[in-house]
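1. only geometry, no sequence info:
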Ligand SMILES: O=C[C@H](O)[C@@H](O)CC(=O)C(=O)O
Ligand SMILES: [Zn+2]
């Protein structure tokens with residue numbers, strides 16, 4: 001089992017004016033999220049979000065972070081959300097076990113000492129996409145069932161962006177300190193997400209792109225200030241960090257889905273600064 005957590009720093013919008021493709025990818029793309037039997041995490045200085053993949057096979061896996069965070073245990077001053085996009089599995093939360101079907105997940109509040117992930121079948125492992133944000137208060141744990149998410153139909157076929165935004169962690173469902181999280185699914189024949197696009201200076205956001213329509217499909221993710229955009233080409237199961245000042249949207253060569261997660265100043269999902277199409281460059 002490999003446990004790895006890499007660090008990514010925060011940037012000024014001016015920095016990326018000078019980045020070539022390699023540097024842009026090095027700073028903003030997480031090219032490997034899921035690796036069988038391993039835990040691969042990224043610590044971004046954008047609002048100190050930790051995110052990544054936990055893929056248990058024959059052995060259960062636990063995220064053990066204390067020295068790196070200067071605490072006694074991982075969730076001493078943090079909360080955690082996850083969504084499983086692999087096979088069925090389970091999570092044990094301080095010894096209490098719960099089964100996790102594909103596309104289900106969990107919110108786990110500050111103070112939980114042990115979160116242990118396992119897969120039902122090592123040959124079809126669960127893929128837990130995990131996101132953790134700093135917390136100051138304990139809120140109750142919540143199972144996140146796909147069927148209990150808030151499903152918001154968005155877009156239309158004419159604009160190639162017909163999709164459903166599933167809100168899993170939202171202030172209208174239950175309280176968290178900072179974390180908001182959801183899963184957006186594009187319909188076949190649709191390829192644009194979040195267009196018209198937006199920024200939200202009050203929150204940063206990460207996107208994990210997954211479930212592409214075919215194995216050679218790619219998503220072109222757009223970032224940067226609206227008038228100085230850049231793109232990053234992604235394979236399935238890769239993630240990007242979006243600073244508060246950056247747009248975040250993409251177009252795929254097939255349909256796909258993505259898991260988004262946010263934290264920062266507020267928890268108001270609709271608090272977005274919509275970008276006028278005339279301002280995009
Ligand atoms: O701030 C909100 C986030 O960018 C996403 O929820 C957008 C999204 O899922 C979509 O447009 O499909
Ligand atoms: Zn957003």
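-> Thanks, I have the structure now. All of these numbers come straight from a predicted model, not from anything done at the bench. Ligands and ions are numbered 1, 2, ... in the order given.
2. and the protein, which of its residues are near ligand 1?
-> By Cβ under 6 Å from any ligand atom, the residues of the chain that approach ligand 1 are 154, 163, 165, 182, 184, 193-194, 205, 248, 260, 272. (Each C-beta comes from the backbone N, C-alpha and C, glycine too.)
3. In the residues you listed, which residue is surrounded by the most others?
-> Among those, residue 193 has the most neighbours (other Cβ atoms under 10 Å), with 27 neighbours.
4. Let me see the ranges of the strands in the stretch 151-281 of the chain.
-> 163-169, 180-186, 192-193, 198-199, 203-210, 219-225, 228-234, 238-242, 249-252, 257-264, 273-274 (DSSP state E, counting those that start in this stretch).
5. got JSON lines for these, with mean pLDDT too?
-> Listed next are those as JSON lines, based on pLDDT from 0 to 100:
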{"stretch": "strand 163-169", "mean pLDDT": "98"}
{"stretch": "strand 180-186", "mean pLDDT": "98"}
{"stretch": "strand 192-193", "mean pLDDT": "98"}
{"stretch": "strand 198-199", "mean pLDDT": "98"}
{"stretch": "strand 203-210", "mean pLDDT": "98"}
{"stretch": "strand 219-225", "mean pLDDT": "98"}
{"stretch": "strand 228-234", "mean pLDDT": "98"}
{"stretch": "strand 238-242", "mean pLDDT": "98"}
{"stretch": "strand 249-252", "mean pLDDT": "98"}
{"stretch": "strand 257-264", "mean pLDDT": "98"}
{"stretch": "strand 273-274", "mean pLDDT": "98"}
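6. Next, count neighbours for the closest residue to residue 163 other than its chain neighbours.
-> Leaving aside its sequence neighbours, residue 163 sits nearest to residue 186 (Cβ to Cβ, 6 or more residues apart in numbering; 4.4 Å). Here the number of neighbours of residue 186 (other Cβ under 10 Å) works out to 25.
7. Residue 186 contacts residue 219, correct?
-> No. Between residue 186 and residue 219 there is no contact under Cβ atoms under 8 Å: 10.1 Å.
8. follow-up on the earlier one: columns distance to residue 91 on top of the strands of the stretch 151-281 of the chain, output as TSV?
-> Shown next, in TSV, are the strands of the stretch 151-281 of the chain (distance: least, Cβ to Cβ, whole Å):
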stretch	distance to residue 91
strand 163-169	15
strand 180-186	15
strand 192-193	28
strand 198-199	33
strand 203-210	18
strand 219-225	29
strand 228-234	27
strand 238-242	21
strand 249-252	30
strand 257-264	17
strand 273-274	36
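9. how far away is residue 23 from residue 150?
-> Using Cβ to Cβ, to the nearest Å, we find residue 23 at a distance of 38 Å from residue 150.
10. now residue 195
-> 21 Å.
11. between the two, who's got more neighbours?
-> Set residue 195 next to residue 150 and count neighbours by other Cβ under 10 Å: residue 195 wins out with 19 against 13.
12. Surely residue 171 and residue 271 touch.
-> No. Contact status for residue 171 versus residue 271: not in contact, 11.3 Å apart, counting by Cβ under 8 Å.
13. what is in contact with the two at once?
-> Residues touching both residue 171 and residue 271 by Cβ atoms under 8 Å, 6 or more residues apart in numbering: none at all.
14. which stretches of this protein have low pLDDT?
-> Residues of the chain meeting the criterion pLDDT under 70: none.
15. residue ranges for the helices of it, please.
-> Residue ranges of the helices in the chain, as given by DSSP state H, are 21-28.
16. Identify the residues contacting the residue in the stretch 1-150 of the chain that ligand 1 sits nearest to.
-> Going by Cβ to the nearest ligand atom, ligand 1 is nearest to residue 150 of the stretch 1-150 of the chain, at 11.2 Å. Shown in contact with residue 150 (Cβ under 8 Å, 6+ apart): 166-167, 170, 172-173.
17. What of residue 159?
-> Residue 159 makes contact with 192, 195, according to Cβ under 8 Å, 6+ apart.
18. To what extent is the nearest residue to residue 281 once chain neighbours are set aside buried, counted in neighbours?
-> Leaving aside its chain neighbours, residue 281 sits nearest to residue 227 (4.6 Å; criterion: Cβ to Cβ, 6+ apart). The local packing of residue 227 (other Cβ under 10 Å) involves 11 other residues.
19. Okay, and the beta partners of residue 131?
-> Taking DSSP bridges as the rule, residue 131 bridges to residue 51, residue 81.
20. If anything else comes up later, I'll come back, but that's it for now.
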